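Undergrad: Below is the structure, and that's it, no one-letter string:
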């Protein structure tokens, strides 16, 4: 009986080792183990702060009492909140459109330059994107300064009156979008340039043989081959632009009269400067559903095109 029990124990141990060995040989298990550090990092840096923000958004100003959706109801009744929603969407959508157009045009320009000259152009054109946004925005602040604006000094030479770059609502919004486009367009350029290099030359040759014009080659060859890259780049830039803080904070501080605030800067104004952290957390959470809707539509379109191919 003792021998039988011993053999059974040895057999069970061998089976468990064999099962563990087979489990470790599975590609899915290896992939999970390799992705585990990233999953833990996301849980620590994303999931926990998001959960804590939801918890804070449901407290009163002194963070001593649970108020449920009271902060959200308060925001819905404020005109400033809806103005911030409008401005955030206006800044993000307008900036992404102009960054995409400028990036596409510049990428075509660089793509048609001989290989030796491309390195210099790529290096120079990437400078606005490489410089920290807060630092480059300070340079733009000097250019827009109402007292000694370099741009107004140049315009005065042509007999044009001074422009209140950050003093009037329309010009202040234009200035924020301009700086955002200047900083972000090089990212679109380098992404589109990489996509252009992956387009087979045979497609352009076939289109030329069929009598396609320059515009038709772009519309029917280049754009369809780049659609996924364009969509992904636009989504990434939309997320970054929506969450942008430093450009508005340095350039206008949300003025004049809160007409250039975006979610991040207004959440800082309400939560940190005004001392109402729960209300600031509630403001910041409104970025999530807007970006989730945009991401759903863009990614669904990419998936649909991928299945068609």
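TA: Perfect, I can see it now. Quantities reported herein were computed from a predicted structural model and do not represent experimental measurements.
Undergrad: Spatially nearest residue to residue 269, not counting backbone neighbours?
TA: residue 254 (6.2 Å; Cβ to Cβ, 6 or more residues apart in numbering). Yep, even glycine has a C-beta here, placed from its N, CA and C like the rest.
Undergrad: no, scratch that, I was asking about residue 71
TA: residue 282 (4.1 Å).
Undergrad: For that neighbour, give its distance to residue 165.
TA: 32 Å (Cβ to Cβ, to the nearest Å).
Undergrad: ditto for residue 74
TA: Using Cβ to Cβ, we find residue 74 at a distance of 34 Å from residue 165.
Undergrad: more crowded one of those two?
TA: Between residue 74 and residue 165, counted using other Cβ atoms under 10 Å, residue 165 has the larger neighbour count: 22 against 14.
Undergrad: tell me the contacts of the more buried one?
TA: Counting by Cβ atoms under 8 Å, 6 or more residues apart in numbering, residue 165 touches 143, 144, 146, 149, 151, 152, 171, 172, 174, 175.
Undergrad: and the strand or helix carrying the fifth one, what other elements does it pack with?
TA: When you say that, I think you mean residue 151. Residue 151 belongs to helix 150-157 when assigned by DSSP states H and E. Judged by 3 or more Cβ pairs under 8 Å, 6 or more residues apart in numbering; DSSP states H and E, the packing partners of helix 150-157 are helix 133-144.
Undergrad: what's in contact with the helix it packs on?
TA: 128, 149-151, 165-166, 175, 178-179, 182-183, 244, 246-247, 250-251.
Undergrad: Highest neighbour count among these?
TA: Highest neighbour count within the contacts of helix 133-144: residue 247, with 29 neighbours (other Cβ under 10 Å).
Undergrad: does it count as helix, strand or coil?
TA: Put simply, residue 247 is helix when judged by DSSP: H, G, I helix; E, B strand; the rest coil.
Undergrad: same deal with the one 3 residues further on?
TA: Remark: residue 250 carries the secondary structure label helix [criterion: three-state DSSP].
Undergrad: Could you report the pLDDT at the spatially closest residue to it that is not a sequence neighbour?
TA: Closest residue in space to residue 250, ignoring its immediate chain neighbours: residue 137 at 4.3 Å, by Cβ to Cβ, 6+ apart. The model reports residue 137 with a pLDDT of 91.
Undergrad: burial count for residue 137?
TA: Neighbours around residue 137, by other Cβ under 10 Å: 23.
Undergrad: where does the stretch 201-309 of the chain have low pLDDT?
TA: Along the stretch 201-309 of the chain, the model assigns pLDDT under 70 to residues 302, 305-309.
Undergrad: again, only this time at 90
TA: In the predicted model of the stretch 201-309 of the chain, residues 201-232, 234-244, 255-258, 284-309 satisfy pLDDT under 90.
Undergrad: repeat for the stretch 1-150 of the chain
TA: For the stretch 1-150 of the chain (pLDDT under 90), the answer is 1-51, 62-64, 68, 108-134, 142, 145-150.
Undergrad: quick one, helices of it?
TA: 2-25, 27-42, 48-57, 70-76, 79-111, 115-125, 127-130, 133-144, 150-157 (DSSP state H, counting those that start in this stretch).
Undergrad: Give me the contacts around the third one.
TA: Counting by Cβ under 8 Å, 6+ apart, helix 48-57 makes contact with 63, 71, 72, 277, 278, 279, 281, 282, 284, 285, 288, all of which sit outside it.
Undergrad: Just the buried ones out of those, please.
TA: 71, 72, 277, 278, 279, 281, 282, 284, 285 (16 or more other Cβ atoms under 10 Å).
Undergrad: Sort out for me which of those are in strands.
TA: Judged by DSSP state E, strands contain none of the buried ones among the contacts of helix 48-57.
Undergrad: quick check, nearest of the residues you listed to residue 88?
TA: residue 284 (11.4 Å; Cβ to Cβ).
Undergrad: What strand or helix carries the closest residue in space to that closest one that isn't next to it in sequence?
TA: Nearest non-adjacent residue to residue 284, counting by Cβ to Cβ, 6+ apart: residue 267, 4.3 Å away. Element membership for residue 267, per DSSP H and E: helix 263-268.
Undergrad: same check, this time on residue 234
TA: helix 223-242.
Undergrad: and that helix, how far out from the chain's middle?
TA: Per Cα atoms, centre = their mean, to the nearest Å, the displacement of helix 223-242 from the mean C-alpha position of its chain is 9 Å.
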